[in-house]
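*Asks:* Fold the following, please.
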Amino acid sequence: MQDITKSSLRYTLLYRLVKIFFKLFYRRFTITGRENIPAGVPVIFASNHQNALMDALAMLFAANRPVVFLARADIFKNARMAKLLNFLKIFPVYRIRDGIETMGNNSLIFDKTVQVLQSGVPLGILPEGTHTDIKHLQTLKKGICRIAFQAAETSGFRINIHIVPVGIDYAHYQNAGTHLLLNYGTPVEVGAYHELYNENPQKAIARLRDDLALAIKKVMIHVENVDFYRPIIALSEILTPNYLKDKGLNDNRIARFNTSQELIREIETAALENRLDLPLLLEQTNNYQKLLDKYKLKNKLFESPAQTGLMLVLSAMLSLVLLPVHLYGMIFNYLPYKLPVLLTRKVKDPQFVSSVNFGLGFVTFVFWYLILLVILLVFTGSGLIALCIYISMPFTGLFTFYHYKHLKKLGGKFRLFFLKHRQPEQYKNLIEARQKLVELQDLLPKN
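*Replies:* Predicted coordinates:
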């Protein structure tokens, strides 16, 4: 292994290019709690894990500096892949499933991570050890605690290691063009467990793991009752607009995150106190979702007042006026956008969809734009004209992407309008199914 703490020119260039593409991949990337990152001490970032590679990239670009990561050892089996991962500042961690004979390799890896922390480079770890498609923190592995204590023990607990909990929340973890939120929580100071560690290392590791889990849960969306995960999430989303209005809060990404946390706690509390029947909630949310699916509608359409027919027509006319820009952007960007989308359809693990899409998209767009640059220079005969067209391509491409999303929403608004005016009985059934869920807010604890 090379010195992973040093950044080469190639790494720096790749870091900056991928960071640009990452910020284009998501409509917005919001970071809160930067003040919780301690300065001048060794730092370990510990995050929840829902979205494969994208979680690590979110931690990396939020930190705004190189971060060394740990990943499962089975992806290092190929020599070329191992070399690439080492270049990307990723260490392997061996598990029992990799073979009991490999577990001894972790001693070397842990020694390397100690060196990383002592050098001042942050360490990034996804302590759940595996990802999940739901917003629920799984039981943390002990590896992060062992690494932290080993690093502290090496210096006689003189280095003040802090583990910073990180909560990552995706509006839709599989989709590009959504709003990504990353929260830094209050750091856990490893030195605070020094005395307990001297008395009983295993007890100290368990205590640190439990405290870290609680710290991460505070900065993420966590549903404790996984058996009724879907209806709990669905109800929290339905109740959010009224909750924000009742509390006099602005409707933004951070307020919605905090509201979701609070509503989920209230829903689970009401269930524990037998004021809310979760099996009945499951039945009601399933019924409501079936009606939405039947009419090809989304719940978000009901979060704002329905638009009049005139407003819908005017919006459609405006989109028609913008159609030439849409087509221009599509011509130059459709192929590198669509190719990764088609290839990700073969991905069996949903948590890898956006990661594969992102990785393939980065490669295809870079090469596609290089090819287009050569073609423009050859056929326009003018560097200035070629440059103007070239600069316009990514901007119109982004416009096309978000205009397409707007058209899908507009289509939903039209379907809702026609349902209301052409099939009033069916519309009434849908509204009544939703209203039954809205009324469940009366069963929640009053703050």
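
*Asks:* all contacts plus neighbour counts: C-alpha atoms, from now on.
*Replies:* Noted.

*Asks:* doesn't Tyr184 make contact with Lys218?
*Replies:* No: look at Lys218 against Tyr184 with Cα atoms under 8 Å: they stay out of range, at 9.7 Å.

*Asks:* With neighbour numbers in mind, choose between these two.
*Replies:* Tyr184 (27 against 18; other Cα atoms under 10 Å).

*Asks:* Next one: that one, what pLDDT does it get?
*Replies:* Per-residue confidence (pLDDT) for Tyr184: 98.

*Asks:* sorry, back to before: any residues in contact with both of Lys218 and Tyr184?
*Replies:* The contact sets of Lys218 and Tyr184 overlap at Gly167 (Cα atoms under 8 Å, 6 or more residues apart in numbering).

*Asks:* Give the other helices and strands that the helix or strand hosting Tyr197 contacts.
*Replies:* According to DSSP states H and E, Tyr197 maps onto helix 194-199. Packing partners of helix 194-199 (3 or more Cα pairs under 8 Å, 6 or more residues apart in numbering; DSSP states H and E): helix 201-217.

*Asks:* mind exporting the helix or strand that the helix it packs on is followed by as CSV, just the C-alpha atoms?
*Replies:* Toward the C-terminus, helix 201-217 is succeeded by helix 229-247 as the next helix or strand (DSSP H and E). C-alpha atoms of helix 229-247 as CSV (Å, rounded to 0.1, in the frame of the first residue of the first chain):
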residue,chain,number,x,y,z
TYR,A,229,-42.0,1.0,8.1
ARG,A,230,-44.0,1.9,5.0
PRO,A,231,-47.2,3.1,6.6
ILE,A,232,-45.3,5.1,9.2
ILE,A,233,-43.3,6.9,6.5
ALA,A,234,-46.4,7.4,4.4
LEU,A,235,-48.4,8.9,7.3
SER,A,236,-45.5,11.2,8.2
GLU,A,237,-45.3,12.5,4.6
ILE,A,238,-49.1,13.1,4.5
LEU,A,239,-49.1,14.9,7.8
THR,A,240,-46.0,17.1,7.1
PRO,A,241,-47.7,20.0,5.3
ASN,A,242,-50.3,20.6,8.1
TYR,A,243,-47.7,20.1,10.8
LEU,A,244,-45.5,22.8,9.2
LYS,A,245,-48.5,25.1,8.9
ASP,A,246,-49.6,24.6,12.4
LYS,A,247,-46.1,25.3,13.8
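
*Asks:* Quick one: mean pLDDT for the very next helix or strand once past helix 229-247?
*Replies:* Using DSSP H and E, the helix or strand that follows helix 229-247 in sequence is helix 253-272. For helix 253-272, the mean per-residue pLDDT is 97.

*Asks:* which helices and strands does the helix or strand following helix 253-272 pack with?
*Replies:* Next in sequence after helix 253-272, counting helices and strands by DSSP H and E, comes helix 278-294. With contacts taken as 3+ Cα pairs under 8 Å, 6+ apart, helix 278-294 sits against helix 229-247, helix 424-438.

*Asks:* Measure how far helix 278-294 is from the centre of its chain, please.
*Replies:* Computed by Cα atoms, centre = their mean, to the nearest Å, the chain-centroid distance of helix 278-294 equals 26 Å.

*Asks:* now do stretch 377-384
*Replies:* Centroid separation for stretch 377-384 versus its chain: 41 Å, with Cα atoms, centre = their mean.

*Asks:* okay, how far is it across that stretch, tip to tip?
*Replies:* 9 Å (Cα to Cα, to the nearest Å).

*Asks:* Throw the helices and strands packed on helix 278-294 into JSON lines and include distance to Ile20, thanks.
*Replies:* Output for the helices and strands packed on helix 278-294, formatted as JSON lines (distance: least, Cα to Cα, whole Å):
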{"stretch": "helix 229-247", "distance to Ile20": "31"}
{"stretch": "helix 424-438", "distance to Ile20": "41"}
